[in-house]
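Asks: just coords:
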């Protein structure tokens, strides 16, 4: 199960809407082993594409080092789909390489409705999990 | 002195759980070959027949090695090499 604050969830939606129709991506860092997402970090989509995302490699190095220094890990890795449902695509599954992360998918296909779902992706196996949205 | 290589979580099964290992060589390719002698299978996760795997990022100190010549990039004692799986995907 993913437990996330309403404020952090709102930040993901805001980023996804701002970058629509391109896919938006980023992480929420949290203390190692805590499983609690706390620090929101939006990332550049180096592909600037409506159908693909990839973190900019140098920005990723900077952010990953920062997390190392703070004893954090990427608790949530999020990205948006802009014309399809919030479910991992074959591409998402084949590139997922953080077995401990919650992979959050949002969809901006419907301007009036936000979709938010969370998955574990381990060795090519996708498992959807419950999302608990809690106050700050 | 040696070259420090920082290993991401997903590849630590090849390094007995170690976050960072040490190796030697005068190029990145030689360094990976040296590591493979002790950490069997690691090299294959980093490179394929065409060179560095597309969705593995390798950095020499603060630079992406793709801009430094890839596997031919010169390395020397005291350098730090960081390996990070690219974070990528998308609806396509």
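Replies: In hand now; what should we look at? Source: prediction; values computed, not measured.
Asks: okay, CA-based contacts and neighbour counts for the rest of this
Replies: Fine.
Asks: tell me which element the spatially most central residue of chain A falls in.
Replies: Nearest residue to the geometric centre of chain A (CA atoms, centre = their mean): residue A:78, 0.9 Å. Using DSSP states H and E, residue A:78 sits in strand A:72-81.
Asks: Next secondary structure after that strand?
Replies: helix A:90-95.
Asks: Please see if that next one touches chain B.
Replies: Yes - under the criterion of CA under 8 Å from any CA of the partner chain, chain B is reached by helix A:90-95 at A:91, A:92, A:93, A:94, A:95.
Asks: The very next helix or strand once past that helix packs against which elements?
Replies: Next helix or strand after helix A:90-95 toward the C-terminus (DSSP H and E): strand A:102-107. Packed against strand A:102-107 by the contact rule (3 or more CA pairs under 8 Å, 6 or more residues apart in numbering or on different chains; DSSP states H and E) you find helix A:6-19, strand A:72-81, strand A:115-122.
Asks: try 10 Å this time
Replies: On a contact count with 3 or more CA pairs under 10 Å, 6 or more residues apart in numbering or on different chains; DSSP states H and E, strand A:102-107 meets strand A:2-5, helix A:6-19, strand A:25-31, strand A:72-81, strand A:115-122, strand A:125-129.
Asks: and the fourth one with helix A:6-19, angle?
Replies: Here strand A:72-81 runs at 50 degrees with respect to helix A:6-19, directions being taken by axes from the mean of the first three to the mean of the last three CA atoms, to 10 degrees.
Asks: residues in contact with the spatially closest residue to the residue nearest to the centre of chain A that is not a sequence neighbour?
Replies: Counting by CA to CA, 6 or more residues apart in numbering or on different chains, residue A:104 is the residue found nearest to residue A:78 once chain neighbours are left out, at 4.5 Å. Residues near residue A:104 by CA atoms under 10 Å, 6 or more residues apart in numbering or on different chains: A:2, A:12, A:25-27, A:76-80, A:86-88, A:116-120, A:128, A:131.
Asks: Mean neighbour count, the helices and strands packed on strand A:102-107: which tops it?
Replies: Mean neighbour count (mean count of other CA atoms under 10 Å in any protein chain shown) peaks for strand A:72-81 among the helices and strands packed on strand A:102-107, with a mean of 27.
Asks: And for the residue lying closest to residue A:109 once chain neighbours are set aside, the neighbour number?
Replies: In this structure, residue A:109 finds its nearest non-sequential neighbour in residue A:83, 4.6 Å apart by CA to CA, 6+ apart. If you count neighbours by other CA atoms under 10 Å in any protein chain shown, residue A:83 ends up with 17.
Asks: cool, the one 3 residues further on as well?
Replies: The number of residues packed around residue A:86, counting by other CA under 10 Å, is 22.
Asks: likewise residue B:81?
Replies: The burial count for residue B:81: 24, using other CA under 10 Å.
Asks: residues contacting residue A:19?
Replies: A:25, A:45, A:48, A:49, A:50, A:80, A:82, A:108.
Asks: An error on my part: the question was meant for residue B:47.
Replies: Residue B:47 touches B:29, B:32, B:53, B:54, B:56, B:71, counting by CA under 10 Å, 6+ apart.
Asks: Would you mind listing the outside residues contacting the helix or strand of chain A with the lowest mean pLDDT?
Replies: Every helix and strand of chain A was ranked by mean pLDDT, DSSP states H and E. The lowest is helix A:90-95, at a mean of 94. Outside helix A:90-95, the residues within contact range by CA under 10 Å, 6+ apart are A:52-54, A:79, A:88, A:103, A:105, A:120-126, B:55-56, B:85-92.
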